[in-house]
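Engineer: sequence-free structure coming up:
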């Protein structure tokens with residue numbers, strides 16, 4: 001970083017010359033890129049900007065207009081300041097025209113009371129510049145090392161952003177190209193204020209290069225992704241123009257994020273990770289963290305003042321005994337399919353994998369929107385996407401009750417998980433299951449971990465299970481056919497692919513083993529409940 005005019009004036013070589021600022025105080029923070037001594041009036045066209053001009057004034061114009069033009073031209077090419085030695089041309093002060101022009105254009109005008117070796121001033125300032133550049137290079141090297149280490153370690157986006165905030169001292173936000181917030185670090189500021197109306201604010205800010213600073217918004221923006229495959233923007237909120245080090249931090253962080261996405265492309269997407277984090281907090285935090293609503297709104301899913309419905313989606317074929325990696329891969333694909341379905345039917349929803357069995361979603365609907373119609377559209381699309389997948393595995397979709405307010409979202413999400421687990425055992429191909437649909441199965445699923453319920457099932461079916469295990473019979477299966485057909489023996493026999501005579505004989509064996517009559521409705525009901533209990537815990 002180049003020194004300012006004020007820092008240059010504090011150098012001993014200039015302090016000995018008794019410098020005095022006579023005009024242009026507003027420009028004291030101008031950066032000095034170089035020092036140029038010149039005794040000609042038409043020097044401006046030889047400058048590139050950032051020069052501190054030293055002169056004795058002996059060749060400057062006599063007239064006021066000429067002096068004003070001289071200052072205007074220096075300011076026009078971006079000179080950082082003008083230093084005049086008061087020995088040869090002027091003794092006590094410089095002309096008013098010079099001072100007025102310097103004030104007008106914000107160009108610092110400094111007079112030196114004592115004769116000064118300009119070469120000594122140049123050496124001192126260049127030394128200051130070199131020291132600053134060396135320090136800047138060392139800082140940049142440290143930044144490179146830090147973010148390279150994060151990249152090699154496979155750091156998650158949250159870790160990268162945490163380092164950005166720590167190193168730059170600025171709040172940072174990672175967003176999609178559609179201006180949805182994927183991750184952020186508020187650097188100690190209030191998250192709700194940082195993310196308020198984010199998409200609208202972000203849409204107003206564009207930069208022409210891959211990295212640029214929007215002075216009006218106070219945003220340092222750098223594009224994230226490989227050229228031709230950009231997928232996001234990293235935004236550092238910097239009220240003042242960023243330093244070179246902050247720019248380096250932004251660009252190195254963007255590179256680390258891009259590499260992470262390439263390496264992790266076969267894993268859960270960054271969007272799903274962000275949604276999963278919010279869903280996990282909604283399910284596990286009591287009370288819900290105050291910034292959840294703001295973070296969700298920044299993702300395009302408003303939670304306040306909306307109708308919220310928890311959704312759970314499960315593969316019928318996915319069992320708890322499946323390999324963990326295979327299960328997670330299936331669930332990640334199902335989560336992406338569910339999110340895609342929500343986008344297709346234009347429903348705002350948080351979608352993610354929060355456990356080892358199902359995909360969970362929180363759908364946000366307008367206050368007057370028809371909930372049932374919206375959920376049916378979503379479920380229909382989820383079934384369609386699942387059927388079109390290469391594996392073409394059927395899914396079960398379930399919904400909790402409709403709630404209002406973030407605090408009640410947990411209940412709806414938990415209900416959806418309960419309903420989908422109970423519905424897995426239900427016959428038929430219902431589009432979407434609700435609490436009213438699972439009835440007795442749902443109750444038994446809720447009570448499945450109660451030892452008294454398990455003991456009841458063991459008492460009712462124990463002898464029959466032992467008979468099947470010992471003799472290789474299928475009496476439990478035949479009993480289930482009878483229960484599922486409401487005691488209609490003829491229909492049960494047809495389902496079991498047995499003649500009525502053969503089926504009746506098997507029912508007689510069941511009655512003998514259990515010591516009950518299958519003509520007694522209460523006995524059949526108890527046995528059916530026991531069968532449902534076994535299904536709920538298997």
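Structural biologist: It's in. The model shown is predicted, which means the values in this text are computed figures rather than measured ones.
Engineer: Determine the longest helix present in the chain.
Structural biologist: helix 118-152 (DSSP state H).
Engineer: and that helix, which residues are buried?
Structural biologist: Buried residues in helix 118-152, defined by neighbour count with 16 or more other C-beta atoms under 10 Å: 118, 121-122, 124-125, 128-129, 132, 136, 139-140, 143, 146-147, 150-151. For glycine as for every other residue, the C-beta is placed from the backbone atoms N, C-alpha and C.
Engineer: With stretch 55-71 instead?
Structural biologist: Under the neighbour-count criterion of 16+ other C-beta under 10 Å, stretch 55-71 has 55, 56, 57, 60, 67, 68, 69, 70, 71 buried.
Engineer: now stretch 31-47
Structural biologist: Across stretch 31-47, burial judged by 16+ other C-beta under 10 Å covers 31, 32, 33, 34, 35, 36, 37, 38, 41, 43, 44, 47.
Engineer: Which ones among those residues map onto strands?
Structural biologist: Among the buried residues of stretch 31-47, the members falling in strands (DSSP state E) are 34, 35, 36, 37.
Engineer: Skipping its backbone neighbours, what lies nearest the third one in space?
Structural biologist: In space, and not counting its chain neighbours, residue 36 is closest to residue 51: 4.4 Å by C-beta to C-beta, 6 or more residues apart in numbering.
Engineer: Tell me the first helix or strand C-terminal of the strand or helix carrying residue 271.
Structural biologist: Taking DSSP states H and E as the definition, one finds residue 271 inside helix 270-284. Per DSSP H and E, helix 270-284 leads on to helix 292-298 as the next helix or strand towards the C-terminus.
Engineer: what packs against the helix or strand following that next one?
Structural biologist: Along the chain past helix 292-298, the next helix or strand (assigned with DSSP H and E) turns out to be strand 307-315. The contact analysis (3 or more C-beta pairs under 8 Å, 6 or more residues apart in numbering; DSSP states H and E) places strand 307-315 against helix 324-344, strand 359-365, helix 371-388, strand 395-404, helix 409-423.
Engineer: rerun at 6 Å
Structural biologist: Packing contacts for strand 307-315, counted by 3 or more C-beta pairs under 6 Å, 6 or more residues apart in numbering; DSSP states H and E, involve strand 359-365, strand 395-404, helix 409-423.
Engineer: Now do the last one and strand 307-315, the angle between them.
Structural biologist: With axes from the mean of the first three to the mean of the last three C-alpha atoms, to 10 degrees as the basis, helix 409-423 and strand 307-315 are set at 30 degrees to each other.
Engineer: Surely residue 9 and residue 20 touch.
Structural biologist: No: with contacts counted by C-beta atoms under 6 Å, residue 9 stays clear of residue 20, the gap being 9.5 Å.
Engineer: who has more neighbours, the two?
Structural biologist: Comparing residue 9 with residue 20 by neighbour count (other C-beta atoms under 10 Å), the higher total belongs to residue 9, at 21 against 13.
Engineer: and the closest residue to that one other than its chain neighbours, what does it touch?
Structural biologist: Nearest non-adjacent residue to residue 9, counting by C-beta to C-beta, 6+ apart: residue 19, 5.3 Å away. Residue 19 makes contact with 9, 110, 112, according to C-beta atoms under 6 Å, 6 or more residues apart in numbering.
Engineer: Could you list which of these belong to helices?
Structural biologist: In this view, those that belong to helices under DSSP H are residue 9.
Engineer: nearest to residue 454, of the contacts of residue 19?
Structural biologist: Nearest to residue 454 among those: residue 9, at 85.7 Å, using C-beta to C-beta.
Engineer: Thanks again, I'm all set now.
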